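In: Sharing a model prediction with you, sequence too.
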Amino acid sequence: MTTRTRTDILLLAGFCAFLFFYGAGQFGLIGADEPRYAQVAREMLERRDFITPTLAGHPWLEKPPLYYWQAMLAYSVLGISGVAARIPSALDATFLIVAMYLFFRRFRPGVEVDAALIAASSAGIVGYSRAASTDMVLASIFSIGMLAWWAWRESEKRVYLALFYVLMALGMLAKGPVAPLLAGVIIGLFAAAMRDWRIVAKTLWLPGILVFCGVSLPWYLAVQARNPQFFREFILEHNLARFSTNLYHHPEPFWYYLPVIALALAPWVLFVSLAFIKVLRVWWAERKSPDVSLDLELQLNLFASIWLVVPVIFFSLSRSKLPGYILPAVPAGAVLLADDLRRRFAQSQPLSKSIAIVHALIAAAPVIPAMLVAYLVMQHRLPGGHPMFIALAVGFVIWVAIALTLVSRVGLNMLRFVTLIPVVLAVAAVLKLGTTAIDQTLSARPLAVELASVETHTLPVAVCGASRELEYGLAFYRNQTISRYELGQTPAQEHLLVAAPTWKVAIADHTAGRRVSFLGHDAPQDVDYYWVAPAAK
């Protein structure tokens, strides 16, 4: 191992450890998905069942099992906790960064560290690497698969094509048919842009298709055999209906993913956009030729450009939109930018002052909300006065420092370094200044601890008027099935009740004739909690 390789490994290990793993337990699981997925994995582990995902003892067929399998392994090694539930996403993000490094080292040497660090520091990758969800799992597997496909195209080694099929099969086990579907669209559009349909014909390799089926189909057949409703729930409801209708109440305008992908690519969005426009111009100029004459380097850029836009366009057509859906597009931006930087380095192209200044502004800007994240979470607004002044001053200093560095003679060589500084500072600011507020306001963990302190033995818990996020969070942190009053699930036995203060009349109706004692109020979550006596026999 050379000194440079050792340095690269240490550098990437350090950034991955800080950006993906450090502080993963400083706040509890948040939202509805994190505690729900974490609880499904726990129930599968407790039953030693690798086939049927369950929630509260009932089949939960919304997602395939790959994330659950990973979380079960993490639970087995680390014990059941919120941190262990987030480990799969952090590891999958790390695998993606390693794959980016190895791909560029093999096929585009010279910018392998740049490519890996651009991907690692993109806001979408950092954010979802810290979430107990299926989004990072799919994005990592799909992106490594796309790199494997290109490695096969450039080297013509079938081992890479076989790896592509294995990874698409794992994508099927991560989030369903979306992985092979997106891959097929991307490869098909690339073949059309190159006017060479042999690309598609050669990709449809029978041994690879058999490998794909051998890896992905056993679980699908097994879960269908055990749960005859699987096809209807998973394929018809959670895939087709989710795409074509607003069944799950996530409506957003058609243009929703434009700002989302811009934020996900931050702080590199300006350079990715410029590289994308450059590729389109070259391809547009070449399209009138009898044969598209792009060399392999520019073909890779065209492939990455198609890979970047297809998930955005595809999910923009969906009636149900969530930010994590387009995460598989983010690594394509890193591929596009890294290859563009390689050519810039080779040609010693200087950065224009306007581009340097705008990029510096984009890179520095996230530090400001990161420093004020506690106010944003607790008060849902940016504060005025002293806190805002300090945050703006810090952001201004960082902006000026980056801009001055980039407009200097060594600006391009310093681009990676000066852009990573505010990324690290923003993550550090959130972990240092915002985790307490995030934990208290967005996670059920503090309330679960508070409830445990007021009971002499573990009691069932019910909710009334509380959010789904709180319900699923309490289910994970107490490892209980949570009843909901408004669904007629009032427990007959002694139990604790967590309720929104505005639901007092409903509480009285559901507990008529029973003794109810007020125990306290959780201000950050704005819920009351009560002890409810058993129903009279």
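Out: Sure, I can see it. What you see is a predicted model; the values in this text were computed from it and never measured.
In: what mean pLDDT would you report for stretch 270-281?
Out: Throughout stretch 270-281, pLDDT has a mean value of 94.
In: And for stretch 74-81?
Out: On average, stretch 74-81 scores 97.
In: Which residues does it contact?
Out: With contact meaning CB atoms under 8 Å, 6 or more residues apart in numbering, stretch 74-81 is reached by 25, 41, 42, 45, 84, 85, 87, 88. Quick note: C-beta positions are derived from backbone N, CA and C, even for glycine.
In: Could you report the distance from the first one to residue 203?
Out: For residue 25, the distance to residue 203 equals 43 Å [CB to CB, to the nearest Å].
In: and these two? which has more neighbours close in?
Out: Neighbours were counted for residue 25 and for residue 203 using other CB atoms under 10 Å; residue 203 has more, 20 against 15.
In: right, and that one touches residue 161 too?
Out: Yes. Residue 203 lies in contact with residue 161 (CB atoms under 8 Å); the separation is 7.3 Å.
In: which residues touch the residue nearest in space to the middle of the chain?
Out: Compute the mean C-alpha point of the chain, and by CA atoms, centre = their mean the closest residue is residue 128, 3.0 Å away. By CB under 8 Å, 6+ apart, the contact set of residue 128 is 89, 93, 135, 136, 139, 324, 327.
In: before we move on, what about residue 182?
Out: By CB under 8 Å, 6+ apart, the neighbours of residue 182 are 142, 310, 311, 314, 328.
In: Could you look up the SS state of residue 412?
Out: With DSSP: H, G, I helix; E, B strand; the rest coil as the basis, residue 412 sits in coil.
In: Now do the contacts for it.
Out: By CB under 8 Å, 6+ apart, the neighbours of residue 412 are 341, 344, 345, 349, 350, 351, 406.
In: again, 10 Å this time
Out: For residue 412, the contacting residues are 341, 344, 345, 348, 349, 350, 351, 356, 406, by CB atoms under 10 Å, 6 or more residues apart in numbering.
In: Next: residue 38.
Out: Contact analysis of residue 38 by CB under 10 Å, 6+ apart lists 29, 67-68, 71, 74-75, 80-82, 84-86, 132-133, 472-473, 475-477.
In: Just the buried subset of those residues, please.
Out: Buried residues within the contacts of residue 38, counting neighbours by 16 or more other CB atoms under 10 Å: 29, 67-68, 71, 74-75, 80-82, 84-86, 132-133, 472-473, 475-477.
In: Among those residues, which are located in helices?
Out: Mapping the buried ones among the contacts of residue 38 onto helices (DSSP state H) picks out 67-68, 71, 74-75, 82, 84-86, 472-473, 475-477.
In: in stretch 120-135, what's buried?
Out: Going by neighbour count (16+ other CB under 10 Å), the buried part of stretch 120-135 is 120-135.
In: Looking at those residues, spot the one nearest residue 507.
Out: Nearest to residue 507 among these, counting by CB to CB, is residue 132 at 31.6 Å.
In: which residue packs closest to the closest one, ignoring adjacent ones?
Out: residue 85 (3.9 Å; CB to CB, 6 or more residues apart in numbering).
In: Equivalent analysis for residue 92, please.
Out: Once flanking residues are discounted, residue 92 sits nearest to residue 140: 3.9 Å by CB to CB, 6+ apart.
In: Surely that neighbour is in contact with residue 327?
Out: Yes. Proximity of residue 140 to residue 327 meets the contact threshold set by CB atoms under 10 Å, at 9.1 Å.
In: Give me the more crowded residue out of the two.
Out: residue 140 (30 against 26).
In: got the contact list for residue 206?
Out: Residue 206 makes contact with no residue, according to CB under 10 Å, 6+ apart.
In: Work out for me the element the spatially closest residue to residue 376 that is not a sequence neighbour sits within.
Out: Nearest residue to residue 376, sequence neighbours excluded (CB to CB, 6+ apart): residue 369, at 6.3 Å. Secondary structure assignment for residue 369, by DSSP states H and E: helix 367-371.
In: and the helix or strand that comes right after that helix, what's its mean pLDDT?
Out: Counting by DSSP H and E, the element after helix 367-371 in chain order, helix or strand, is helix 373-379. The average pLDDT within helix 373-379 is 90.
In: Please report how far the nearest residue to residue 160 once chain neighbours are set aside lies from residue 145.
Out: In space, not counting the residues next to it along the chain, residue 160 is nearest to residue 152; the distance is 3.6 Å by CB to CB, 6+ apart. Distance from residue 152 to residue 145, counting by CB to CB: 11 Å.
In: and stretch 111-127, how far apart are its ends?
Out: One end of stretch 111-127 sits 24 Å from the other (CA to CA, to the nearest Å).
In: ignore the last one, stretch 369-382
Out: So stretch 369-382: terminal residues 8 Å apart, CA to CA.
In: which outside residues touch it?
Out: With contacts defined as CB under 10 Å, 6+ apart, stretch 369-382 is touched by 27, 368, 383-384, 387-388, 390-392, 394-395, 422-423, 425-442, 523-524.
In: what do you get for stretch 431-442?
Out: Outside stretch 431-442, the residues within contact range by CB under 10 Å, 6+ apart are 18, 22-31, 34, 130, 369-380, 387, 430, 443, 445-447, 469-470, 473, 522-526.
In: Now with 8 Å, please.
Out: 22-23, 26-28, 30-31, 370-371, 373-374, 377-378, 445-446, 469, 524-525.
In: Would you indicate which residues of it are buried?
Out: Of all the residues in stretch 431-442, those buried under the rule 16+ other CB under 10 Å are 431, 433, 434, 435, 436, 437, 438, 439, 440, 441, 442.
In: Tabulate those (TSV), appending pLDDT.
Out: Shown next, in TSV, are the buried residues of stretch 431-442 (pLDDT from 0 to 100):
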residue	pLDDT
431	95
433	94
434	93
435	94
436	93
437	94
438	95
439	95
440	94
441	94
442	94
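In: Out of the residues you listed, flag the one nearest to residue 13.
Out: Taking CB to CB as the measure, residue 13 sits nearest to residue 431 out of those, at 18.8 Å.
In: Am I right that the closest one falls within a helix?
Out: Yes. Assessed with three-state DSSP, residue 431 lies in a helix.
In: Start at 618, not 1
Out: Sure, I'll start counting at 618 from here, so that last one is residue 1048.
In: thinking again about what came up before, counting neighbours, which of the contacts of residue 745 comes out on top?
Out: The member of the contacts of residue 745 surrounded by the most neighbours (other CB under 10 Å) is residue 756, with 31 neighbours in all.
In: wait, it sits on residue 713?
Out: Yes. Using CB under 8 Å, residue 756 is in contact with residue 713, at 7.3 Å.
In: Find the residues that touch each one of the two.
Out: Both residue 756 and residue 713 are in contact with 742, 948, where contact means CB under 8 Å, 6+ apart.
In: quick one: secondary structure of residue 917?
Out: Applying three-state DSSP to residue 917 yields a three-state assignment of helix.
In: Now for it: which residues touch it?
Out: 724, 725, 767, 771, 952, 956.
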